[in-house]
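Novice: can't give you the sequence, but here's the structure:
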């Protein structure tokens with residue numbers, strides 16, 4: 001049920017053409033928390049800080065649906081909560097999903113996601129930004145805002161220079 005609910009929530013906001021695909025680690029294990037759920041009441045830091053950078057203002061719970069329509073392009077390395085899954089084993093599937101989506105630019109969120117997925121995405125000439133961005137939690141919020149903003153505004157020619 002949780003996987004179906006997450007898929008439906010994400011599909012609601014999926015654009016026809018993905019300009020900037022954000023790849024995070026995994027959905028939270030809590031069934032009531034997910035980036036695309038409109039009614040998350042606590043621990044919604046990934047959404048809040050992504051929206052802050054993309055929109056230039058801190059979002060509110062009331063305007064989350066409008067903010068999601070502006071962001072729209074996030075998937076996870078793991079399609080379900082980690083629950084002991086070795087993330088490295090999921091990288092080939094991620095590469096295939098990203099290639100099928102065909103984004104103009106890819107930004108990896110969380111340093112372990114970057115370390116695992118960047119080499120594989122780059123090896124098949126997908127337009128992945130070379131930026132190690134921490135997750136916006138546990139004191140890393142200001143570094144996330146800085147690194148994510150830099151990655152979001154990187155010149156596409158720099159991102160794809162060897163493609």
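Specialist: Cool, the structure landed. Treat the numbers as computed from the prediction; the structure is a model and nothing was measured.
Novice: What strand or helix carries residue 122?
Specialist: Under the criterion of DSSP states H and E, residue 122 resides in helix 111-123.
Novice: Who are the packing partners of that helix?
Specialist: Packing partners of helix 111-123 (3 or more CB pairs under 8 Å, 6 or more residues apart in numbering; DSSP states H and E): strand 20-24, helix 91-101, strand 105-108. C-beta: built from backbone N, CA, C; applies to glycine.
Novice: tell me what the last one is packed against?
Specialist: Here strand 105-108 is seen to pack against strand 20-24, helix 111-123, helix 141-152 when contacts are counted using 3+ CB pairs under 8 Å, 6+ apart.
Novice: rerun that using 10 Å as the cut-off
Specialist: Judged by 3 or more CB pairs under 10 Å, 6 or more residues apart in numbering; DSSP states H and E, the packing partners of strand 105-108 are strand 20-24, helix 111-123, helix 141-152, helix 156-159.
Novice: buried stuff in the longest one?
Specialist: Using 16 or more other CB atoms under 10 Å as the test for burial, helix 111-123 gives 113, 114, 116, 117, 118, 120, 121.
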